[in-house]
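Q: coordinates only, sequence not included:
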């Protein structure tokens, strides 16, 4: 059963909201406000529901186009955890290797081994998978 939309009412809503492809953060915020306004209307007409779906699709499209940050590398995670715990490289010496090994690991010149990952995980109370 197809919904019947009144073209005149729908056109008035198009004029009121003027939906278009979202290109800026300001437009994204504006459309978010419109979406909330339409969702709060418990007596929404078929035409308003159609506009709500259109605005939702435009917001979703904008969200999908936004750049996703690169995932953190094991070395990024180690660096962050060391900073959060006010640790220096010297604090890892003897726990995950010699001074030279620690320097290479912390500076990303050497991969973190499984045994080092387990040790670091115990030290920082996190999963070893973060370092592998």
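A: That came through fine. On a predicted model such as this, the values are computed, not experimentally measured, just so you know.
Q: in the chain, which spans are strands?
A: Secondary structure of the chain (DSSP state E): no strands present.
Q: Please work out which residues outside stretch 4-12 touch it.
A: In this structure, residues lying in contact with stretch 4-12 by C-beta atoms under 8 Å, 6 or more residues apart in numbering are 45, 46, 47, 50, 51. Placement of C-beta: from N, CA and C, glycine included.
Q: Serialize those residues to a markdown table and add fields for neighbour count and distance to residue 87.
A: Below are those laid out as a markdown table (neighbours: other C-beta atoms under 10 Å; distance: C-beta to C-beta, whole Å):
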| residue | neighbour count | distance to residue 87 |
| --- | --- | --- |
| 45 | 14 | 60 |
| 46 | 13 | 61 |
| 47 | 20 | 60 |
| 50 | 17 | 57 |
| 51 | 22 | 54 |
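Q: Sitting in helices, which of the residues you listed do you find?
A: Cross-referencing those with the helices (criterion: DSSP state H) gives 46, 47, 50, 51 as the overlap.
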